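[1] sequence below, structure please.
(2 chains)
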Amino acid sequence: MILETKIALARAAGALSRRSGRGATSLPGKLLMRMEPRAIERLARRLPAGSAVISATNGKTTTAAMVAAILERGGTRLVHNRAGANMAGGVASELLGAARRGDGIDADAGLFEVDEFWLDRVVPQLQPRALLLANLFRDQLDRYGELETIADRWSAAVAAAPQTKLVLNADDPLVADLGRGSAPGRVTYFGVQDDAMALPGMAHASDSKHCRRCGAPYVYDSIYMGHMGHYHCPNGDSRRPQPDVYATDVTLDGTRGARFELHVGAADATVALPLPGLYNVYNALGAAALTSALGASLQQIVAGLAATQAAFGRAETVTVGGRELAILLVKNPAGANEVLRTLALDEGEHDVLAVLNDNIADGRDISWVWDADFEVIAERVRQVTCSGTRAAELALRLKYAGIAPARLRVVPGLERGLDAALGDGAGRLVALPTYTAMLALRELLVARGAAQGSFR
Amino acid sequence: MAEVAAGSPTLRVCALYPDLMNIYADRGNLLMLARRCEWRGLGFAVMAAGLGEGVDPDAHDLFYLGGGQDRDQRLCALDLVRTKSEALHAAADRGALLLGVCGGYQLLGHRYALAGEEIPGLGLVELETIRSDGPRLIGNVAIEVELDGPDGGRRVLAGFENHAGHTHLAAGEQPLGRVLKGHGNTGSSGLEGVRRRNVVGTYLHGPLLPKNAWFADWLIATALGLDALDPLDDTFEDAAHAEARRAAGV
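    Below you'll find the model as predicted:
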C-alpha cells in the first residue's frame, strides 16, 4: 500500500471515531504508525522549514503556545499539536491532518511538544532543526520511572539527531549536562540572571542535586525554583553554563503576569508577559531561545510573547456562574510549588477548587501531593473545595498544611464540587486541577458556554 | 501550634538521609507524626542524619528510613553500613522503633542483589532482595496486619507500591501483613513487608501514614511506651483511609 492510501484509511477511521463521540486526537496517527512505522519521518520531510521540538516535565504546552505566537507573527504556517496530544500518535495525527495529495503538506514548519518518555522515539524520525529541553522534575514515578532514566533517554535522543540545534536550560543541571561535548555553536543556553528572584533555600522536593559526572552535591550560589539556579560541582566537574539568552530585572505581578528584561546576545528588550509566575518567565526564555536559534528577530520574539494566549487549562480565566474562574494546572510537586508560590503573591484570601484525580494520565500514585508545599497558601485561603477521585487525601494534605478543617470541604464528584465552590462566595475562584481533572473541568465549562472547546 | 503539656513525653525521631531517601514524598510521614503529637500536647523532635553522620542509639524513639533513586540508595547503603550500622543495631536491641519504607525496607535486610552488583544492607532482619528483570510491581495495595499493643488488632494498611526488587523473608521471619490486593514482597508470596518486634519494613511507599492514621498512632504510642493516646477528630483521616482502600479495591 502506498503512503497516500494509508493516510486516507487513517483519516477515515479518525472521522468515524469523532462521529461516535470519542474525541481521541491521536487515534488516526496511531493507526497510521501501525501501517507505516516511519510515517512521522516521511511526512515531516515534506515540511520546507523543518520542525522544532519541545520537551520538559513542566511547561511544554505553554512554551509551545509562546513559540507558535512568535513564529506565526513572522508569517510561518505551522503544523502544531496544540491540544497537547504529545506522544508519537499525536504527532503523527497532526502531520496527517496537514498532509496533501502528492508530496504536499499544508504548512511551512512543524512545532511539536513531545512527552518526555517518547522523545527518543520521535526525535530520530523528525530530525528537527532545533530541540528545546527545558526542565526535568520528578513526575509520575509510576509511569516515567526515575529522573536519571529519563535523562539517559534524552541523551540518546540528542545523539540520534546530530544535525539538530540544542536549546537547553542552563539553570537545570541535568538538562544543561546534555550539551556536554557538543560541537561549537550547536547549543543555545538560556537562564535567569536575577538574584532578587532567588529563594532562601532549596524546596523539599528538589531533584538532581548531585553532579551527574562525579556524584558530589552541587553548590548553589542561588536557587530560583526546585533545583534550578546557579550551581557548580565542588570538584570542578561541571558548572552552570553562561546563558546566551537570559532574563534580568524580573517583576512578578501576582497571578496576572510578569515583566522582565530579555537579553539575546548583546541586544535586550523589555517583555510584558501576560502569564504569571517565574515558571512562565522560564517558559518564555525557552521560547525566546528556541525561536532565536531558528532565526526570529528580538522584536518578533518580544511581540509574540506579549501576545501569547494562555494554553487551555494553564492560567486560563473564564467567567462562570457570575464568578471569574482561573484554572491553574497542577500535576507534580515542582509545578504545584510554582503555582502556589504565584498564588501567594496575590493580595487577600483565595477561594479554591482543588481537584485531585488518580487516572492513568495523572499518575495512579498521588504520593506527590505530600511533596508539594501547600503550606505557602495555608494562611491565604478562605475556603477550599476538594474534589476528584482522591478528594479526601487532598483535603487531608491541606489540613496537615495548616488549613483549618472548617475551611475545607470534600465533594468528590467534579460537577457537584464546582457548583459547591461557585455557590459559596463571590469574586474570583481559583481551580487547581490535575491533568484529567483539568480536561473534565473544561468539558463542564464548555457545556455551560463558559469556555471554548479545544478540538475543532 | 499546640503547647506541649508539662510532663508530657516527646517523640524523638531520627530521619535517616531525609534529603536523599525521600523519593515518594516520605516527608508526609514525618509531618503526620509531628502534627498528631502536637495536637495531643505531646512533644515532637526530629533530627536528620545524613551521609557520614553518626547516630546516637539512645537519643531517638523512632528511626525512619525512606525510599530513594537507585544511585542515592546505593550511596546511603554504603554509608549506613560504614557509619550507622552499629548504632542502629544497638537502638533496635534496646527497643527503639525502626521503620523502613520502600528502598529503606530493602536496606533493613542483608543485601540487595542487582545485575552484576550487590548493595549491602543493615542485616537487622533476615531477608534479602533480588532485582527482578520482569515488570516493576506498581499499584495500589492493601494488606491486613495484626499488631499487638495499643490500637492493635487486625487492621488494614492501604497504600501504593512501586518496586523492581523482590524481597524474600528467611524461614521464621514474619511479614508485616498479608496481601489483600496488590503485589507485596514478591508479587506471588502473598506476604508484605517484615516485622520483627520493633523493626518494621514495608513496600507501601512514601506517605503511608497519611493513608493510615491509625498506624501513625500505633507508632507514636509504641515508640513512647504509652497504653493509649488521646482521641483526635479524624474525620478527614478516616475518609482518606477509606478512599485509599477503595483505590486498592478493598
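[2] CA atoms for contacts and neighbours, from now on please.
    Fine.
[3] grab the nearest non-local neighbour of B:Tyr24.
    B:Gly206 (4.5 Å; CA to CA, 6 or more residues apart in numbering or on different chains).
[4] please disregard the earlier target; I meant A:Cys214.
    Excluding its sequence neighbours, the residue lying closest to A:Cys214 (CA to CA, 6+ apart) is A:Asp237, at 7.0 Å.
[5] next, the one you found: phi, psi?
    phi -80, psi -20 (degrees, to the nearest 10).
[6] can you give the contact residues for the lowest-mean-pLDDT helix or strand in chain B?
    The helix or strand of chain B with the poorest confidence is helix B:70-79; it has a mean of 90 (mean pLDDT, DSSP states H and E). Residues outside helix B:70-79 that contact it (CA atoms under 8 Å, 6 or more residues apart in numbering or on different chains): B:Tyr17, B:Leu20, B:Met21, B:Leu51, B:Gly52, B:Gly67, B:Gly103, B:Leu107, B:Ile119, B:Pro120, B:Gly121.
[7] I'd like to know how many residues surround the first one.
    Just to be clear, that refers to B:Tyr17. By other CA atoms under 10 Å in any protein chain shown, the residues close to B:Tyr17 number 23.
[8] wait, it touches B:Gly50, no?
    Yes. If you go by CA atoms under 8 Å, B:Tyr17 and B:Gly50 touch, sitting 4.6 Å apart.
[9] distance from the chain centre to stretch A:381-390, please.
    24 Å (CA atoms, centre = their mean, to the nearest Å).
[10] dump it to PDB, restricted to CA.
    What follows is stretch A:381-390, C-alpha atoms only, in PDB (Å, rounded to 0.1, in the frame of the first residue of the first chain):
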ATOM      1  CA  VAL A 381      -7.400  30.700  51.700                       C
ATOM      2  CA  ARG A 382     -10.900  31.400  52.800                       C
ATOM      3  CA  GLN A 383     -12.500  28.200  51.500                       C
ATOM      4  CA  VAL A 384     -11.200  25.200  49.700                       C
ATOM      5  CA  THR A 385     -13.400  22.700  48.000                       C
ATOM      6  CA  CYS A 386     -11.600  19.400  47.400                       C
ATOM      7  CA  SER A 387     -12.900  17.300  44.500                       C
ATOM      8  CA  GLY A 388     -11.800  14.400  42.200                       C
ATOM      9  CA  THR A 389     -11.200  10.700  42.600                       C
ATOM     10  CA  ARG A 390      -8.800  11.300  45.600                       C
END
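[11] buried ones in it?
    A:Val381, A:Arg382, A:Gln383, A:Val384, A:Thr385, A:Cys386, A:Ser387, A:Gly388, A:Thr389, A:Arg390 (16 or more other CA atoms under 10 Å in any protein chain shown).
[12] so of these, which ones are in strands?
    A:Val381, A:Arg382, A:Gln383, A:Val384, A:Thr385, A:Cys386, A:Ser387 (DSSP state E).
[13] same list (the residues you listed) but as CSV, adding distance to chain B and pLDDT.
    Below are these laid out as CSV (distance: CA to the nearest CA, whole Å; pLDDT from 0 to 100):
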residue, distance to chain B, pLDDT
A:Val381, 18, 96
A:Arg382, 18, 97
A:Gln383, 16, 97
A:Val384, 14, 98
A:Thr385, 13, 98
A:Cys386, 11, 98
A:Ser387, 12, 98
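[14] need these in TSV with distance to A:Ala83, can you?
    Formatted as TSV, those follow (distance: CA to CA, whole Å):
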residue	distance to A:Ala83
A:Val381	32
A:Arg382	33
A:Gln383	32
A:Val384	29
A:Thr385	28
A:Cys386	26
A:Ser387	24
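[15] related to what we said a few turns ago, show the buried residues in the contacts of helix B:70-79.
    B:Tyr17, B:Leu20, B:Met21, B:Leu51, B:Gly67, B:Gly103, B:Leu107, B:Ile119, B:Pro120, B:Gly121.
[16] least confident pick among those residues?
    Of all the buried ones among the contacts of helix B:70-79, B:Leu20 has the smallest pLDDT value, namely 87.
[17] that residue in helix, strand or coil?
    The local conformation at B:Leu20, judged by DSSP: H, G, I helix; E, B strand; the rest coil, is coil.
[18] what does the stretch 251-400 of chain A put close to chain B?
    Counting by CA under 8 Å from any CA of the partner chain, the residues of the stretch 251-400 of chain A close to chain B are A:364-365, A:367-371, A:390, A:392-393, A:395-396, A:400.
[19] got those as TSV, with distance to A:Thr308, secondary structure and pLDDT columns?
    Output for these, formatted as TSV (distance: CA to CA, whole Å; DSSP: H, G, I helix; E, B strand; the rest coil; pLDDT from 0 to 100):
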residue	distance to A:Thr308	secondary structure	pLDDT
A:Arg364	33	coil	94
A:Asp365	33	coil	95
A:Ser367	33	helix	96
A:Trp368	30	helix	95
A:Val369	30	helix	97
A:Trp370	33	helix	96
A:Asp371	31	coil	93
A:Arg390	33	coil	98
A:Ala392	36	helix	98
A:Glu393	35	helix	98
A:Ala395	34	helix	98
A:Leu396	37	helix	98
A:Tyr400	37	helix	98
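[20] I appreciate the help and will end here.
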